[in-house]
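1. I would like to see how this sequence folds:
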Amino acid sequence: MFIFVFKMLIMNKIVGDNLKVLRKSKNMSQEEAADYLQISQSAYARMERGESTSWAIHFNKICQIFEISPEELVRKGLGDSVYESLMNTERQTEIAMLG
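-> Alright, predicted model coming up:
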């Protein structure tokens, strides 16, 4: 039982981290993301912090909003790849502006 609870806590943290990065990559506020899911902003914030399992209830809708596959939502390190992509885009914009 302890192992199951521990794994669920880890999954909550992974999904929460991914939600935060995905939301920011779409330039959305927590309130906007919560509106899409038809939940309160505070409920959405708890999902991002990894304090809630309610992301599982909204799993398909989350994937639709952020245009990702279910596998991507639960993949550890998704946030890293999205962050790198955002940074590369920002760097290219800066280079274009300087050139």
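
2. before we move on, which element is the most centrally placed residue in the chain in?
-> Central residue of the chain (C-alpha atoms, centre = their mean): L19, 1.2 Å from the mean position. Using DSSP states H and E, L19 sits in helix 2-25.

3. who are the neighbours in contact with the closest residue to A45 other than its chain neighbours?
-> Counting by C-beta to C-beta, 6 or more residues apart in numbering, Q30 is the residue found nearest to A45 once chain neighbours are left out, at 5.5 Å. Placement of C-beta: from N, CA and C, glycine included. Counting by C-beta atoms under 8 Å, 6 or more residues apart in numbering, Q30 touches R23, Q41, Y44, A45, E48.

4. just so I have it, where are all the helices in the protein?
-> Remark: helices assigned in the chain by DSSP state H are 2-25, 30-37, 41-48, 59-65, 70-74, 78-98.

5. Pick the most buried one from these.
-> helix 41-48 (a mean of 18; mean count of other C-beta atoms under 10 Å).

6. quick check: angle from that helix to helix 2-25?
-> 120 degrees (axes from the mean of the first three to the mean of the last three C-alpha atoms, to 10 degrees).

7. what's the angle between helix 41-48 and helix 30-37?
-> 90 degrees.

8. if we look at helix 41-48, which residues are touching it?
-> 12, 15-17, 19-20, 23, 30-31, 33-34, 37, 52, 54-55.

9. returning to that earlier point: let me have the helices of the chain in JSON lines, extended by mean pLDDT.
-> Listed next are those as JSON lines, based on pLDDT from 0 to 100:
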{"stretch": "helix 2-25", "mean pLDDT": "87"}
{"stretch": "helix 30-37", "mean pLDDT": "97"}
{"stretch": "helix 41-48", "mean pLDDT": "96"}
{"stretch": "helix 59-65", "mean pLDDT": "95"}
{"stretch": "helix 70-74", "mean pLDDT": "89"}
{"stretch": "helix 78-98", "mean pLDDT": "62"}
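
10. Spatially nearest residue to L22 (excluding sequence neighbours)?
-> Closest residue to L22 apart from its sequence neighbours, by C-beta to C-beta, 6+ apart: F66 at 4.3 Å.

11. Sweet, I'm off.
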